[in-house]
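okay, here's the prediction I keep looking at, along with the sequence it came from:
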Amino acid sequence: MRLVRFLDPASGLPVKGRLEGSVIVSASGSIPVEQVHLLSPCTPTKIVCVGRNYAAHAAELGNEVPERPLLFFKPPSAVIGPNDEIVLPKSSLVHHEAELAVVIGVRCRNVSVHDAMSVILGYTCMNDVSDREAQKWDKNWVRAKGFDTSAPLGPMIVTKDEIEGPFHVMSRVNGEVRQDGSTRDFIFPIPALIEEITRYMTLEPGDVIATGTPAGVGPLVSGDIVEIEIDGIGILRNTVA
């Protein structure tokens, strides 16, 4: 299935539905997708992000490849949906980062590599918007990675029964390709990430694991249109303010 959240035109309230072709089907009926404002497809209690999960990206920023998954958080307040505005912090350098986002389907803890795929609901696109200026001095990356609007998600969740990796991950800014990578190049594959994360914390339904970004990250400035595209999932498009 292809799962979406949107603002109901009648009530103005968030509604869940499934996308069938160009029509969204929900409990309140059917509506063409172009007539609604899509929201982030899930409402995570936390976003667990993985740093330096592609060797080429670690190299382009002058970093070593970690021996264990490098983890950090984005708060729920950082989440925005498709076509929402990314509001830049007061920084001289803010980068886009195209990422495959894994959406958790069940409450889970201490999940083994062998059982990891069973806790996944599906997949969506994420942009890990990052303040590089703050990242130089912000040792735990709270301000560098967790500012409002720094976690665009969407446009939909494609359930795991409909799609499987490896995934082709791209970013474009104003139509120009910046990143063009594949999850084949993960240092730590998805099952290993789930095992490591759930060793330390409980994951809730709707939580997100952002799996890292391929090489080619670059700056965003006001007025840009940034697109994250993953084959089989769609295009997450946001403007920059």
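Happy to help now that I have it. Numbers count the residues shown, from 1 in each chain.

now do the worst-scoring helix or strand of the chain on mean pLDDT: everything it contacts.
Here the helix or strand of the chain ranked lowest by mean pLDDT, DSSP states H and E is helix 55-60, holding a mean of 86. Contact partners of helix 55-60, identified using C-beta atoms under 8 Å, 6 or more residues apart in numbering, comprise 52, 64-65, 181, 185, 187, 212-217. From N, CA and C alone the C-beta is placed, and that goes for glycine too.

any idea how far stretch 188-203 is from the chain center?
Here stretch 188-203 is found 16 Å from its chain centre; the criterion is C-alpha atoms, centre = their mean, to the nearest Å.

report the contact partners of the residue nearest to residue 112 when sequence neighbours are not counted.
Excluding the flanking residues, the one nearest residue 112 by C-beta to C-beta, 6 or more residues apart in numbering is residue 195, at 6.0 Å. Contacts here follow C-beta under 8 Å, 6+ apart; on that basis residue 195 touches 111-113, 116.

you'd agree residue 183 is up against residue 169?
Yes. Assessed by C-beta atoms under 8 Å, residue 183 is found in contact with residue 169 at 6.6 Å.

can I get stretch 52-68 in CSV? Just the C-alpha atoms.
Provided in CSV are the C-alpha atoms of stretch 52-68 (Å, rounded to 0.1, in the frame of the first residue of the first chain):
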residue,chain,number,x,y,z
ARG,A,52,28.3,8.6,7.8
ASN,A,53,26.6,5.4,6.5
TYR,A,54,28.1,5.9,3.1
ALA,A,55,31.9,5.9,2.8
ALA,A,56,32.0,8.4,0.0
HIS,A,57,29.9,10.9,2.0
ALA,A,58,32.2,10.5,5.1
ALA,A,59,35.2,11.2,2.8
GLU,A,60,33.7,14.3,1.2
LEU,A,61,33.4,15.9,4.6
GLY,A,62,36.8,14.7,5.8
ASN,A,63,35.4,12.2,8.3
GLU,A,64,36.4,8.7,9.1
VAL,A,65,34.0,5.8,8.7
PRO,A,66,32.6,4.8,12.1
GLU,A,67,33.2,1.4,13.6
ARG,A,68,29.6,1.3,14.9
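
any idea which helix or strand comes after the least confident helix or strand of the chain?
Per DSSP states H and E, the first helix or strand lying C-terminal to helix 55-60 is strand 70-74.

ok, and what's touching that following strand?
Residues outside strand 70-74 that contact it (C-beta under 8 Å, 6+ apart) are 46-53, 128, 140-142, 145-146, 150-151, 196-197, 210.
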